[in-house]
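# have a look at this prediction, sequence included:
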Amino acid sequence: MGDEESHAETLQLVMPEEILANRVSQSSVRDRAADFLAVIRRQASQKPELEERSIEFGGRAVLIGSLGTDFEAFVNHIAIEMPIKTIRFRLAEILGNSELTIESIRTIVEFARRNAPSLVFVERLEMLGPKDAPEAAVLQSELEHVSWDKDDVLVVASSTFPARVDPGILSVFDRAYLFDSATSTDRVRVLEQVLKGRTDIDASVVAEMTEGWSFADVKHLAVSLLMTQPEGQGQVSAEKLEQLIRQSGVLPVGKKGYVRSTVDRLESERAPDVGRVAEVYPDSFLDQLYLMAVGEDFAKTQRVVESLNAGLPLSSNERSFLSQYPFLLGGTPEDRLTRLLRAKKSHDRLARIMGR
């Protein structure tokens with residue numbers, strides 16, 4: 001128990017009664033959770049037959065979707081309906097420290113066994129199990145040796161960048177659920193739920209105008225529309241709705257190609273030639289520059305790198321930080337992440353040597 005206490009800051013335990021039952025959630029994701037829950041319940045009735053055939057049901061599902069997918073809806077539905085405890089990693093506490101990540105993976109799996117029945121939720125699987133990383137080998141091994149059959153432990157992982165996940169980890173999961181952009185039903189339902197009482201706004205019309213948007217995008221838009229002042233007694237015209245959507249300030253991150261095209265346009269107007277960064281900063285010098293940025297503020301450097309890699313807009317503070325360290329713009333997403341983690345390890349090693 002002492003080891004669990006020493007790593008308590010790296011995990012979060014959520015009881016089913018702590019989850020908001022009326023939370024605005026993505027209906028298509030919740031439907032797939034209901035499918036998985038039905039499989040879990042069938043396993044209970046077929047367990048003697050499965051044991052007789054030496055067949056195991058691991059109870060592991062991986063969720064793969066575009067940015068803005070409501071993966072939380074999947075986990076929450078299972079946690080409430082079973083009901084069951086949810087255990088998740090505190091990613092901010094462990095990312096960038098390979099040794100701590102490995103220790104935390106082992107600790108959380110063991111914690112889940114001792115608190116069974118439980119569900120381990122592995123968010124951003126690509127960060128915990130990147131290709132060819134030591135963490136990936138440990139995570140794969142731990143997941144292979146924990147199951148619903150033997151331990152009463154379910155595992156649900158999510159990723160928006162599955163190509164970055166070590167293939168060995170993906171092979172561990174019994175089920176893979178794929179989610180594209182929010183469905184028409186998803187969009188209508190979230191708009192109706194958030195805009196309840198606003199009879200002047202036709203949710204179905206807004207849903208048609210937001211084809212290709214993610215669930216998170218539409219949810220942000222719904223809140224923005226809710227904050228507008230109703231005009232008159234009738235419904236808002238389609239032309240006015242288009243204007244309100246344009247003026248909402250909501251960036252449809254989940255719409256394929258939208259963010260990239262926007263960033264490319266802005267960079268071509270304002271930014272220097274990013275393609276020359278590698279020429280201006282030699283490879284070895286780039287590592288030193290990353291170390292300098294990490295030394296000033298690792299958390300901020302990590303946020304900027306993650307936003308750049310995901311094609312997300314930067315906050316004013318992040319843009320200010322990037323203006324001090326423009327070299328972060330260079331390289332591929334994998335290059336940025338590799339240099340960031342390498343710089344964090346070097347910084348931590350130097351800190352230990354200097355007794356800080």
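Yep, it's here.

# any weak-confidence spans in the stretch 1-150 of the chain?
1-8 (pLDDT under 70).

# for it, just list every one of the helices.
2-6, 27-52, 71-81, 91-94, 98-114, 125-128, 134-144, 148-151 (DSSP state H, counting those that start in this stretch).

# same question for the stretch 201-350 of the chain.
203-209, 215-226, 238-247, 258-270, 277-280, 283-310, 316-324, 333-353.

# which residue sits closest to the residue nearest the centre of the chain, ignoring its sequence neighbours?
Geometric centre of the chain, nearest residue: Arg124, 4.4 Å, by CA atoms, centre = their mean. Excluding the flanking residues, the one nearest Arg124 by CB to CB, 6 or more residues apart in numbering is Leu91, at 6.4 Å. Placement of C-beta: from N, CA and C, glycine included.

# again, but for Ala73
In this structure, Ala73 finds its nearest non-sequential neighbour in Ser25, 3.7 Å apart by CB to CB, 6+ apart.

# one more: Leu50?
The shortest distance from Leu50 to any non-neighbouring residue, by CB to CB, 6+ apart, is to Phe57 (6.4 Å).

# correct me, but that neighbour touches Ser45?
No: using CB atoms under 8 Å, Phe57 is not in contact with Ser45; the gap is 11.7 Å.

# among these two, which residue is more densely surrounded?
Remark: of Phe57 and Ser45, Phe57 carries more neighbours, 17 against 8, as counted by other CB atoms under 10 Å.

# next, the contact list for that one, please.
Taking CB atoms under 8 Å, 6 or more residues apart in numbering as the criterion, Phe57 is in contact with 39, 43, 50, 147-149, 174.

# swap the cut-off to 6 Å and go again
For Phe57, the contacting residues are 43, 148-149, by CB atoms under 6 Å, 6 or more residues apart in numbering.

# what does Ala343 give?
Neighbour list for Ala343: 290-291, 294 [criterion: CB under 6 Å, 6+ apart].

# what about 10 Å?
Neighbouring residues of Ala343 by CB atoms under 10 Å, 6 or more residues apart in numbering: 96, 286-295, 298, 301.

# could you do Lys344 as well?
Neighbouring residues of Lys344 by CB under 10 Å, 6+ apart: 95-98, 290-291, 294-295, 298, 301-302.

# among those, name the buried ones.
Neighbour counting by 16 or more other CB atoms under 10 Å classes 95-98, 290-291, 294, 298, 301-302 among the contacts of Lys344 as buried.

# reformat the residues you listed as JSON lines; add distance to Asp70.
Below are these laid out as JSON lines (distance: CB to CB, whole Å):
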{"residue": "Leu95", "distance to Asp70": "22"}
{"residue": "Gly96", "distance to Asp70": "27"}
{"residue": "Asn97", "distance to Asp70": "29"}
{"residue": "Ser98", "distance to Asp70": "30"}
{"residue": "Tyr290", "distance to Asp70": "33"}
{"residue": "Leu291", "distance to Asp70": "37"}
{"residue": "Val294", "distance to Asp70": "32"}
{"residue": "Phe298", "distance to Asp70": "29"}
{"residue": "Thr301", "distance to Asp70": "28"}
{"residue": "Gln302", "distance to Asp70": "24"}
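
# kindly provide the distance from the residue nearest to the centre of the chain to Asp31.
Computed as CB to CB, to the nearest Å, the Arg124 to Asp31 distance reads 23 Å.
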